[in-house]
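Enquirer: no sequence on this one, just coordinates:
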């Protein structure tokens, strides 16, 4: 059972749905995405009845925009409460506190930030919305003297993002301060099956341009990234499943792993894999199996076989976020052809209306390890070179 929600549904996911005749919840958004005549649309009342019957349908959402409907209509299942434990970063920290008892975090309302004293807060620390998305409003604070400037930047960011997402996805009334987590950052697509056991469907390294960078520009997966991290991440996911008690539950987990192998999660996004149909789709391109089908069919990847047969190339998602310093209405054109020319093997380009969302699009690319410089170049670009300003 699938909720199709804005902002985006990929052609690959649409093809997966039709090829398998997966049921879709009949919503206005599903019809807008071209499923108005789809024979397996489920009326919303029938969805509720299916859960009331005790059938425990396997549910997936393309976006957390669906959380509001789930909270309103499926409260009797306990699912909204489980979702909230993952989506709300303060509640998530509280849930896993027994796993990381020494980790510092504090939740604060937005109107309390200005008067909050940083005395006793470990530096550096991260501040971000307790319910957030896409690195919006995320800042690293290394010096108390930066606090006032960062608060002003947060206010500016929140004003510019107003109305883009529902409160279930981005709620700027509450923030979390938490100690800075050191090490390499990764994103893991996984699900907890009907028995509550975790199944890893993809592991991606989140690459940054510097220690101060908190953007979402590049996520990449490969044979070696999977091989080097699968066992350690499985151990953490088993602990996460134990403290949360979730079942038939897809997650997109972001975490860091330091040089000693210690793992600390950053956040865990519920009921989906990577947003905008990104990490699920790149999983198929990189590893040769369909992660969505594996979730619905409760299958486990044969990682040993996949790793042994992989060529070892890097498969990347490049997020063309608007870091130009210009708003969408100040931009006359964005040169997508020039962006693609910078990659040896671009696999897909997804153009996004940059007047509606603060992102130009997404590029999926395959890169030989020795050509990592092409990824490094786009990682360090503010994308201004691809923009034609108005006037």
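Expert: In hand now; what should we look at? As the structure is a prediction and not an experimental result, all values here were calculated from the model.
Enquirer: Show residues contacting stretch 325-344.
Expert: With contact meaning CB atoms under 8 Å, 6 or more residues apart in numbering, stretch 325-344 is reached by 160, 320, 322, 324, 346, 349, 351, 354-356, 358, 360-361, 363, 365-368, 371, 374, 377-378, 382, 384-390. Quick note: C-beta positions are derived from backbone N, CA and C, even for glycine.
Enquirer: Mark which of those are part of strands, please.
Expert: In strands, defined here by DSSP state E, the members of the contacts of stretch 325-344 are 320, 346, 349, 351, 360-361, 363, 365-367, 387-389.
Enquirer: What's the PyMOL line that selects buried ones from these?
Expert: Listed next is the PyMOL selection for buried residues among those, using 16 or more other CB atoms under 10 Å:
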select buried, resi 320+346+349+360+361+363+365+366+367+387
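Enquirer: Put together TSV for the ones in strands among the contacts of stretch 325-344, with distance to residue 16 and pLDDT on each row.
Expert: Below are these laid out as TSV (distance: CB to CB, whole Å; pLDDT from 0 to 100):
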residue	distance to residue 16	pLDDT
320	24	98
346	22	98
349	20	98
351	21	97
360	26	98
361	21	98
363	21	98
365	22	98
366	21	98
367	25	98
387	34	98
388	36	97
389	39	96
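Enquirer: among the ones in strands among the contacts of stretch 325-344, which two are most distant?
Expert: Comparing all pairs in the ones in strands among the contacts of stretch 325-344 by CB to CB, the longest separation belongs to 366 and 389, at 32.2 Å.
Enquirer: Mind naming the longest helix for the chain?
Expert: Among the segments of the chain that qualify as a helix by DSSP state H, the longest is helix 223-244.
Enquirer: packing partners for that one?
Expert: Helices and strands touching helix 223-244, by 3 or more CB pairs under 8 Å, 6 or more residues apart in numbering; DSSP states H and E, are helix 79-87, strand 184-192, strand 198-207, strand 249-257, strand 263-270, helix 303-309.
Enquirer: Let's see that with 6 Å instead.
Expert: strand 184-192, strand 198-207, helix 303-309 (3 or more CB pairs under 6 Å, 6 or more residues apart in numbering; DSSP states H and E).
Enquirer: Which SSE is immediately downstream of the longest one?
Expert: I take that to be strand 198-207. As assigned by DSSP states H and E, the chain's next helix or strand after strand 198-207 is strand 218-221.
Enquirer: which stretches of the chain have low pLDDT?
Expert: 132-136, 157-172 (pLDDT under 70).
Enquirer: what about 90?
Expert: 54-57, 64-65, 68, 108-124, 128-174, 180-182, 209-215, 259-260, 311, 391 (pLDDT under 90).
Enquirer: Would you map out the domains in it?
Expert: Domain ranges of the chain: 2-86, 101-179, 184-389, per automatic domain parsing.
Enquirer: Now residue 175. Its backbone dihedrals?
Expert: Backbone torsions for residue 175, taken as degrees, to the nearest 10, come to phi -130, psi 160.
Enquirer: Just give the number of residues close to it.
Expert: Counted with other CB atoms under 10 Å, residues neighbouring residue 175 total 24.
Enquirer: Which helix or strand contains the residue nearest to it when sequence neighbours are not counted?
Expert: Closest residue to residue 175 apart from its sequence neighbours, by CB to CB, 6 or more residues apart in numbering: residue 108 at 5.4 Å. Using DSSP H and E, residue 108 falls within strand 105-109.
Enquirer: Who does that strand pair with, and is each partner parallel or antiparallel?
Expert: strand 171-179 (antiparallel) (DSSP bridges).
Enquirer: Next, the angle from the strand it pairs with to helix 79-87.
Expert: Angle between the axes of strand 171-179 and helix 79-87 is 50 degrees (criterion: axes from the mean of the first three to the mean of the last three CA atoms, to 10 degrees).
Enquirer: when you give positions from now on, start the count at 48
Expert: Right, with 48 as the first residue, what we last looked at is strand 218-226.
Enquirer: can you list contacts of strand 218-226?
Expert: Outside strand 218-226, the residues within contact range by CB atoms under 6 Å, 6 or more residues apart in numbering are 136-137, 151-157, 169, 172-174, 176-178, 205.
Enquirer: Please pick the buried ones from those.
Expert: In the contacts of strand 218-226, burial by neighbour count holds for 136-137, 152-155, 157, 172-174, 176-178, 205, counting by 16+ other CB under 10 Å.
Enquirer: for the residues you listed, which one is nearest residue 271?
Expert: Using CB to CB, residue 173 comes nearest to residue 271 of these, at 28.0 Å.
Enquirer: Doesn't that closest one lie inside a strand?
Expert: Yes: using DSSP: H, G, I helix; E, B strand; the rest coil, the secondary structure at residue 173 is a strand.
Enquirer: Okay, and the beta partners of it?
Expert: On the basis of DSSP bridges, residue 173 is bridged to residue 187, residue 225.
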